[in-house]
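# Compute the structure for the input listed below.
(chains A and B)
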Number of protein chains: 2
Amino acid sequence: MDVETYFPVIRKLTKEQRALLLESVTEKQIPKGTVIYDGTTGCTGLLAVRSGLLRAYILSEEGREITIYRLFERDICLFSASCMLQSIQFDVNIEAEQDTRLLVVPAGVWQSLCQESAALANFTNELMADRFTNVMWLIEQILWKSLDKRVAEFLLEEMTVEDSEVLKLTHEMVAAHLGTAREVVTRMLRYFQNEGIVKLSRGTIEILDVAKLEAVLEEK
Amino acid sequence: MDVETYFPVIRKLTKEQRALLLESVTEKQIPKGTVIYDGTTGCTGLLAVRSGLLRAYILSEEGREITIYRLFERDICLFSASCMLQSIQFDVNIEAEQDTRLLVVPAGVWQSLCQESAALANFTNELMADRFTNVMWLIEQILWKSLDKRVAEFLLEEMTVEDSEVLKLTHEMVAAHLGTAREVVTRMLRYFQNEGIVKLSRGTIEILDVAKLEAVLEEK
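This next block holds a predicted model:
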């Protein structure tokens, strides 16, 4: 297994620490649709995505769910090992959205190595900061969700105007149209892409799912 | 200065590391209403609240703001030092909501000590996990906000029924009435208390601001 590819930080561990980590890593094949972590399954461990796709979501008391982020190839799932962190007091569910191959590092091993290795602890910190950034972006979308609707509306309009589902549009053009920053539009379009609504390639935006795009407009 | 009271983790540093940290710490007195961090002010550093109150909020493009958490005595503000963490890609604003006395550790000093000390890096991790928990709770409130309205509604009803602003109610009683868990009600009531809407004491809930409580019902 090419553990170093997924955890480059292990180069900063001592020989003994590295050996401990390497011998603890296992590989798992998860069929599409499996919920691999739900807060009751115990501490699954740190998960690195070798192939496939994981989805993290939270669940309301009434069973409504909302996606908080997705983890693609080479991403690392920290909250499946949230038992490591006393201060994590919320439940995230993790589901394999495609057939997924994972590397699993047991939470106990990771945690004990974090006690010894500042490099590993700082790496963990950056992982959490990454997810924090995802979640803050989501909050902004939820609170001031005009932008997702505005982008959706614009794409639907363009589709009608051009009479095509493949739109020759750069992110700059969309941003200029909406009077906002290019980065903001790029993030939103990537979010749409993650949701399977559009496919992005250089200079074009292809609408894959018109119904879903229209549904964005309907959301409260 | 009693730096150790606010950063007990410094006991786990070496003598040299501790000396470096201690000599870098400064004290600041911040008048009520001052915005001490807004993402453009550079990296203010880690802030420990000695007295007073800090409020962290985010701002929409249109200038609407929402409180994401508050920091009370002995809390530590990490995001005022978010330049330390490459993966933090969002802006938080920090305001002194009361006259506030702070201990300030420069971000550069903290960051370089985190490179050396696993204990400090893990402590930083727990700080972030704490704030993450705050933010996830906020997301749940925003998404499934029926609960804040239901609690508000119940308190307003009780106020009318009892013809008093001091309600003899335990959190269990509120939870039973709303068919939810006591912990959830406690968190919501504490949130209301932080917002200056109620004052909690053993077995009673005092309504301090009826208008604000009614406003909760009006929010979309």
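# According to the record, where do the domains of chain A fall?
As assigned by automatic domain parsing, chain A contains the domains A:3-142, A:145-218.
# anything in the first one near chain B?
Yes: using CB under 8 Å from any CB of the partner chain, domain A:3-142 comes into contact with chain B via A:58, A:60-62, A:64, A:66, A:68, A:85-90, A:114-122, A:124-133, A:135-140, A:142. The C-beta positions use only the backbone N, C-alpha and C, and glycine is treated the same way.
# any idea of the mean pLDDT for that domain?
Throughout domain A:3-142, pLDDT has a mean value of 90.
# ok now it, how far from the chain's centre?
In terms of CA atoms, centre = their mean, to the nearest Å, the centre of domain A:3-142 is found 11 Å from the chain centre.
# Mind giving me the packing neighbours of the helix ranked longest in chain A?
For chain A, the helix with the greatest residue count under DSSP state H is helix A:118-143. Packing contacts for helix A:118-143, counted by 3 or more CB pairs under 8 Å, 6 or more residues apart in numbering or on different chains; DSSP states H and E, involve strand A:65-71, helix A:107-116, helix A:182-194, strand B:54-59, helix B:107-116, helix B:118-143.
# Contacts for the helix or strand just after the first one, please.
So that's strand A:65-71. As assigned by DSSP states H and E, the chain's next helix or strand after strand A:65-71 is strand A:76-77. For strand A:76-77, the surrounding residues in contact (CB atoms under 8 Å, 6 or more residues apart in numbering or on different chains) are A:6-7, A:37, A:46-49, A:54, A:56, A:71, A:94, A:127.
# circling back to that earlier point, indicate which one of the helices and strands packed on helix A:118-143 is closest to residue B:208.
strand B:54-59 (17.7 Å; CB to CB).
# on contacts alone, who are the packing partners of the closest one?
By 3+ CB pairs under 8 Å, 6+ apart, strand B:54-59 packs against helix A:118-143, strand B:65-71, strand B:93-96.
# how many degrees apart are it and strand B:65-71 in direction?
Going by axes from the mean of the first three to the mean of the last three CA atoms, to 10 degrees, strand B:54-59 is angled at 150 degrees with respect to strand B:65-71.
# Taking their axis directions, strand B:54-59 and helix A:118-143 sit at what angle?
Using the same axes, to 10 degrees, strand B:54-59 lies at 60 degrees relative to helix A:118-143.
# can I get the CA coordinates of strand B:54-59 in PDB?
The C-alpha coordinates for strand B:54-59 follow below in PDB (Å, rounded to 0.1, in the frame of the first residue of the first chain):
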ATOM      1  CA  LEU B  54     -15.900  38.800  22.600                       C
ATOM      2  CA  ARG B  55     -18.300  38.100  19.800                       C
ATOM      3  CA  ALA B  56     -17.300  36.300  16.600                       C
ATOM      4  CA  TYR B  57     -19.500  36.900  13.600                       C
ATOM      5  CA  ILE B  58     -19.600  36.700   9.800                       C
ATOM      6  CA  LEU B  59     -20.700  39.300   7.400                       C
END
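# Is it correct that residue A:59 is in contact with residue A:68?
No: with contacts counted by CB atoms under 8 Å, residue A:59 stays clear of residue A:68, the gap being 10.8 Å.
# Compare neighbour counts for those two and give me the winner.
Taking other CB atoms under 10 Å in any protein chain shown, residue A:59 and residue A:68 do not tie; residue A:68 has more neighbours (20 against 16).
# so the more buried one touches residue A:133, yeah?
No: with contact defined as CB under 8 Å, residue A:68 does not reach residue A:133; the gap is 11.6 Å.
# what residues do those two have in common as contacts?
Residues touching both residue A:68 and residue A:133 (CB under 8 Å, 6+ apart): there are none.
# Pull up the gap between the most centrally placed residue in chain A and residue B:196, please.
By CA atoms, centre = their mean, chain A has its centre lying nearest to residue A:70, at 2.5 Å. For residue A:70, the distance to residue B:196 equals 38 Å [CB to CB, to the nearest Å].
# Tell me which residues touch the nearest residue to residue A:17 once chain neighbours are set aside, please.
Spatial nearest neighbour of residue A:17, excluding adjacent residues (CB to CB, 6 or more residues apart in numbering or on different chains): residue A:113 at 5.6 Å. Residue A:113 makes contact with A:13, A:17, A:20-21, A:120, according to CB under 8 Å, 6+ apart.
# Same list (those) but as TSV, adding distance to residue B:154 and neighbour count.
Below are these laid out as TSV (distance: CB to CB, whole Å; neighbours: other CB atoms under 10 Å in any protein chain shown):
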residue	distance to residue B:154	neighbour count
A:13	54	19
A:17	54	18
A:20	53	15
A:21	51	21
A:120	47	24
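# Which of these fall within helices?
A:17, A:20-21, A:120.
# and which of the residues you listed is nearest to residue A:99?
Looking across the ones in helices among the contacts of residue A:113 and measuring by CB to CB, the closest to residue A:99 is residue A:21, at 26.0 Å.
# Which residues are in contact with the closest one?
Contacts of residue A:21 by CB under 8 Å, 6+ apart are A:3, A:7, A:10, A:13, A:105, A:109-110, A:113.
# For the ones in helices among the contacts of residue A:113, work out which two are farthest apart.
A:20 and A:120 (11.3 Å).
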